[in-house]
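In: Based on what follows, work out the 3D shape:
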Amino acid sequence: MIDAWILTVLCLTVLMALSTVRLVLGPTAPDRAIALDTVNTLTIAAMILLGVVFKEVIFVDVAIVYGLLSFVSTLYIAKYIGGEL
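Out: A predicted model of the protein is given here:
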């Protein structure tokens, strides 16, 4: 039987694929930046859910570090798009 957590991770994977399509096809740079941030957020959520499934805390630790790096990269992209760099 497929666990409900695994099914949720699969749904997040489908959403990541859809966001990746927007990332590739986005007509403007802000659309691409938002799509990248969405993919990063879904990845963090999937890591935390996988930590619950496998009962490993390391997934949550990696998700926290990934979230911090994602936040910094989003700020950098926003400053670049705004013309401040």
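
In: low-scoring pLDDT stretches of the protein, where are they?
Out: For the chain, applying pLDDT under 70 flags the ranges 1-2.

In: do you know how far the most centrally placed residue in it is from residue 32?
Out: What sits nearest the mean C-alpha location of the chain, by Cα atoms, centre = their mean, is residue 40, with 1.8 Å. Residue 40 sits 13 Å away from residue 32, taking Cβ to Cβ, to the nearest Å as the criterion. (Each C-beta comes from the backbone N, C-alpha and C, glycine too.)

In: on that earlier part again, skipping adjacent residues, who's closest to the residue nearest to the centre of the chain in space?
Out: residue 70 (3.9 Å; Cβ to Cβ, 6 or more residues apart in numbering).

In: Would you enumerate the residues in contact with residue 22?
Out: 31, 32, 35, 38 (Cβ atoms under 8 Å, 6 or more residues apart in numbering).

In: Quick one: the helices in this structure, in order.
Out: Secondary structure of the chain (DSSP state H): helices at 4-25, 29-54, 58-82.

In: Most tightly packed of those?
Out: Highest mean neighbour count among the helices of the chain (mean count of other Cβ atoms under 10 Å): helix 29-54, with a mean of 17.

In: From the contact counts, what lies against that one?
Out: helix 4-25, helix 58-82 (3 or more Cβ pairs under 8 Å, 6 or more residues apart in numbering; DSSP states H and E).

In: tilt between that helix and helix 4-25?
Out: Counting by axes from the mean of the first three to the mean of the last three Cα atoms, to 10 degrees, helix 29-54 lies at 160 degrees to helix 4-25.
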